[in-house]
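> sequence plus predicted model, see below.
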Amino acid sequence: MVIDLHGISHSNVTVLLENTVLPLSLEKFPVKIITGNSNEMKKIVITFLCTHNYSYIVGDIFNQGYIKVLSYASKN
């Protein structure tokens, strides 16, 4: 699954992620969230992922404009 945040205002990102990422079952991972190069957008997404205990990586050596959500890590 790919979630493209281009054109989404910063104020709407958290609600969008709550409605798309939180309901996913484990077999739907990994999820690629396209953030573009906006550091603010990345910060919002990373804060959301940390708050909800997801593991993730930020981009790769060639493209830093996305975050790959690897899995949900339960708090048990």
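Thanks, I have it.

> which strand or helix spans Asn12?
Here Asn12 sits within helix 10-20, counting by DSSP states H and E.

> and the contacts of that helix?
Here helix 10-20 makes contact (CB atoms under 8 Å, 6 or more residues apart in numbering) with Ile3, Leu5, Ile8, Ile33, Glu40, Met41, Ile44, Val45, Phe48. All C-beta spots, glycine's among them, are computed from the backbone N, C-alpha and C.

> list the buried residues for that helix?
Across helix 10-20, burial judged by 16 or more other CB atoms under 10 Å covers Val13, Leu17.

> repeat that for stretch 42-49.
Lys42, Ile44, Val45, Ile46, Phe48, Leu49.

> so of the residues you listed, which ones are in helices?
Filtering the buried residues of stretch 42-49 for membership in helices, criterion DSSP state H, returns Lys42, Ile44, Val45, Ile46, Phe48, Leu49.

> nearest to Ile61, of these?
Of all those, Lys42 has the smallest distance to Ile61: 16.2 Å, by CB to CB.

> quick check: that closest one touching Tyr56?
No. The pair Lys42 / Tyr56 is not scored as a contact, 10.5 Å apart, by CB atoms under 8 Å.
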